[in-house]
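In: From the sequence below, what's the structure:
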Amino acid sequence: MVFDALLALSVAAGPGPVDLTTITSSLNQPTSVITAPNGTMFVTEKAGRIAKVKNGKVSTWFRVKGVSTDSERGLLSMARINGKRFYAAYTDGKGALQVSRFRKGGGERKILRVPHPQNANHNGGQLQLYKGLLYISTGDGGGAGDPFRAAGRLKDLRGKILRIDPTCGTKRYCIPASNPRRSPVIAYGLRNPWRFSIDDPSGTIWIADVGQDAYEEVDRMRVDGPLVDFGWSCREARSKYNRDNCKGRTITKPLFSYSHASGDGESITGGYVYRGSGIPSLQGWYVFGDFVSGHVWAWRDGTRQKLAKADGLTSFGLTRKGELLLTTIDGRLLRLS
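Out: All right, here's what the predicted structure looks like:
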């Protein structure tokens, strides 16, 4: 298939260790980073600030109001439309995942809200704009073990990857005609897909799903493919978890996973398939890491290699030239070099 060919470029020994260059260490609990066409970086912070980083200097660009910040809640990510307009995902005062469109100097238009009142963890919250459509990740409702059985139920928007058209006249959003089942849901059976990315050359979505007690996993699906069930909470990665949640499901196994027992980590942070030019040996490898262990790896065709260490790794981003950025919970913005 085309995407397999694109991801299976010739590899000799593969990438070795790389350097992490500090751009700034003056952020406050950063959760995501994006880059504007002019090279300016925008970083979301847990408490609601969007910081602008230009030439290593940090300033306040915008503040999202009404953000709850207990446990894993907060301002989770953003997707920029143009100079002054952007989308943001945050947890509101009642704990719901709120996706809104903002205009700098203007107001907020609320687009989609996923209730999440009982628990403050497993919020998902990644946003990505791709070919005019907005992709959103949601967690399973929190707690432990999928207590609401939300992940496997298609009518519940928790534990999913959603795709919507947010520019739909007077409607808050429309369901794209390309979506399966005329629903916002394009993938389900997820626990906490904290970070995902879309690799344009291969037309694939790479989903890092934070595990329960034993495994962390990476799932892959096609952008234009059918509805996919990744199995939570029937399975945790490739291992059976709750047999009561398996009935009637056709489950897609993860692309790869790693165990907590291995010491590799306990909370995966998804990244990107590297398409930059600064590190030729990394071309075509999927780069990701773990919040708990701080390990940063590259993976391709069943091979995983350690690249670097970034303790408290919260997110990855891209420069305008496709080089990789990382944020850490202690306030650092780093570049892989």
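
In: ok, now which ones touch residue 288?
Out: 208, 218, 268-271, 296-297, 299, 316 (C-beta atoms under 8 Å, 6 or more residues apart in numbering). Any C-beta I mention is one placed from the backbone N, CA and C, and that applies to glycine too.

In: Out of these, which comes closest to residue 327?
Out: Proximity of the contacts of residue 288 to residue 327 was ranked by C-beta to C-beta; the top entry is residue 316 with 8.0 Å.

In: Of the contacts of residue 288, which belong to strands?
Out: Using DSSP state E, 208, 218, 268-271, 296-297, 299, 316 are the members of these that sit in strands.

In: mind checking how far residue 73 is from residue 184?
Out: 22 Å (C-beta to C-beta, to the nearest Å).

In: can you give me the strands for the stretch 101-250 of the chain?
Out: 108-114, 127-130, 133-137, 161-164, 185-188, 195-199, 204-209, 215-222, 228-229, 235-236, 239-240 (DSSP state E, counting those that start in this stretch).

In: With distance to residue 56 as new columns, can these be given to me in CSV?
Out: Supplementary listing: the strands of the stretch 101-250 of the chain in CSV, determined by distance: least, C-beta to C-beta, whole Å:
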stretch, distance to residue 56
strand 108-114, 30
strand 127-130, 26
strand 133-137, 30
strand 161-164, 34
strand 185-188, 38
strand 195-199, 25
strand 204-209, 28
strand 215-222, 32
strand 228-229, 41
strand 235-236, 41
strand 239-240, 45
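
In: now these as a markdown table including mean pLDDT, mean neighbour count and distance to residue 149?
Out: Formatted as a markdown table, the strands of the stretch 101-250 of the chain follow (pLDDT from 0 to 100; neighbours: other C-beta atoms under 10 Å; distance: least, C-beta to C-beta, whole Å):
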| stretch | mean pLDDT | mean neighbour count | distance to residue 149 |
| --- | --- | --- | --- |
| strand 108-114 | 97 | 17 | 16 |
| strand 127-130 | 98 | 18 | 26 |
| strand 133-137 | 98 | 24 | 19 |
| strand 161-164 | 98 | 23 | 18 |
| strand 185-188 | 98 | 25 | 12 |
| strand 195-199 | 98 | 24 | 22 |
| strand 204-209 | 98 | 26 | 17 |
| strand 215-222 | 98 | 23 | 19 |
| strand 228-229 | 98 | 20 | 13 |
| strand 235-236 | 98 | 23 | 14 |
| strand 239-240 | 96 | 12 | 16 |
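
In: Of all those strands, which one is nearest residue 57?
Out: Taking C-beta to C-beta, strand 127-130 is the member of the strands of the stretch 101-250 of the chain nearest to residue 57, at 25.5 Å.

In: Given the closest one, what are its sheet partners and their directions?
Out: Strand pairing for strand 127-130, determined by DSSP bridges: strand 133-137 (antiparallel).

In: The partner strand relative to strand 195-199, how many degrees between them?
Out: Counting by axes from the mean of the first three to the mean of the last three C-alpha atoms, to 10 degrees, strand 133-137 points 150 degrees away from the direction of strand 195-199.

In: Verify the contact between residue 195 and residue 269 for me.
Out: Yes: in this structure residue 195 lies within contact range of residue 269 using C-beta atoms under 8 Å: 5.7 Å.

In: Who are the contact partners of the residue nearest to residue 268 when sequence neighbours are not counted?
Out: In space, residue 268 comes closest to residue 216 once its chain neighbours are excluded; the distance is 3.9 Å by C-beta to C-beta, 6 or more residues apart in numbering. Residue 216 sits next to 208-210, 237, 257-258, 260, 264-268, 290 when contact means C-beta under 8 Å, 6+ apart.

In: If you rank these by neighbours, which is first?
Out: Each of the contacts of residue 216 was scored by neighbour count (other C-beta atoms under 10 Å); the top score is that of residue 209, with 32 neighbours.

In: Retrieve the pLDDT associated with the residue nearest to residue 197 when sequence neighbours are not counted.
Out: Of all residues beyond its chain neighbours, the one nearest residue 197 is residue 272 (4.7 Å), with distances taken as C-beta to C-beta, 6+ apart. According to the predicted model, the pLDDT of residue 272 comes to 98.

In: Next: the one 3 residues further on.
Out: We note a pLDDT of 98 for residue 275 in this prediction.

In: my guess is it contacts residue 322, does it?
Out: Yes: distance between residue 275 and residue 322: 4.8 Å, which falls inside the contact criterion (C-beta under 8 Å).

In: Comparing these two, which residue is more hemmed in?
Out: Relative neighbour count places residue 275 above the other of residue 275 and residue 322, with 18 against 15, counting by other C-beta under 10 Å.
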